[in-house]
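J.: Structure here, sequence nowhere to be found:
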């Protein structure tokens, strides 16, 4: 008799445990949905997006629709002095990726963009020279700097015909 009573008690406790687990899951799921909606609203208000539309559009440009313009000279850019006060130069080559399907391609193609090369170099130097060698040594930081340079070039040209830049052969001296 005691074994049956103990079995019934264990069964009752299991049923209560399952009921409490279901109630907990339902209440947590509802709270989780509300929290996700709040975070989404805050991100919308702050205008934060994980992937912007511009990045999607730029990533869809095929290599066949891309023209590469390489700046004629190796660039030597003086960097912001480090904490120790030492001035370092960044030596690099820069290439621009031009979208041949862009409406401004006739104005800014590889033959005509050379007319603006000195201004483009000035924009590149203006951005890169505001950073230290310590910051630019990190490849992740260099990607952020590339994005900033690209934005400056697009702003100068008043066009997004140049959709990417490549900074290669980077040396510090």
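T.: Structure's in. What do you need? As the structure is a computational prediction, the values presented were derived from the model and not from experiment.

J.: Going by C-alpha atoms from here, please, whenever you check contacts or count neighbours.
T.: Fine.

J.: residue ranges for the helices of this protein, please.
T.: For the chain, the helices defined by DSSP state H occupy 2-45, 53-59, 117-128, 133-136, 139-157.

J.: Which one of those lies nearest to residue 76?
T.: helix 117-128 (8.7 Å; C-alpha to C-alpha).

J.: hmm, back to that, can you tell me which of the helices of the chain is nearest to residue 101?
T.: In terms of C-alpha to C-alpha, the element of the helices of the chain nearest to residue 101 is helix 53-59, at 11.6 Å.

J.: What mean pLDDT does the closest one get?
T.: When pLDDT is averaged along helix 53-59, the result is 50.

J.: picking that back up, any chance of the helices of the chain in CSV, with distance to residue 164 and mean neighbour count too?
T.: What follows is those, written out as CSV (distance: least, C-alpha to C-alpha, whole Å; neighbours: other C-alpha atoms under 10 Å):
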stretch, distance to residue 164, mean neighbour count
helix 2-45, 27, 11
helix 53-59, 8, 11
helix 117-128, 13, 17
helix 133-136, 18, 16
helix 139-157, 7, 16
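
J.: which stretch in those helices has the least confidence?
T.: Ranked by mean pLDDT, the helices of the chain bottom out at helix 53-59, with a mean of 50.

J.: And the residue positioned nearest the centre of the chain, how far from residue 136?
T.: Centroid check for the chain by C-alpha atoms, centre = their mean gives residue 144 as the closest residue, at 6.9 Å. Distance of residue 144 to residue 136, computed by C-alpha to C-alpha, to the nearest Å: 10 Å.

J.: does residue 100 really touch residue 66, like I thought?
T.: Yes. Using C-alpha atoms under 8 Å, residue 100 makes contact with residue 66 at a distance of 5.7 Å.

J.: Mind checking which of the two has more residues around it?
T.: Applying other C-alpha atoms under 10 Å to residue 100 and residue 66 shows that residue 100 carries more neighbours, namely 22 against 18.
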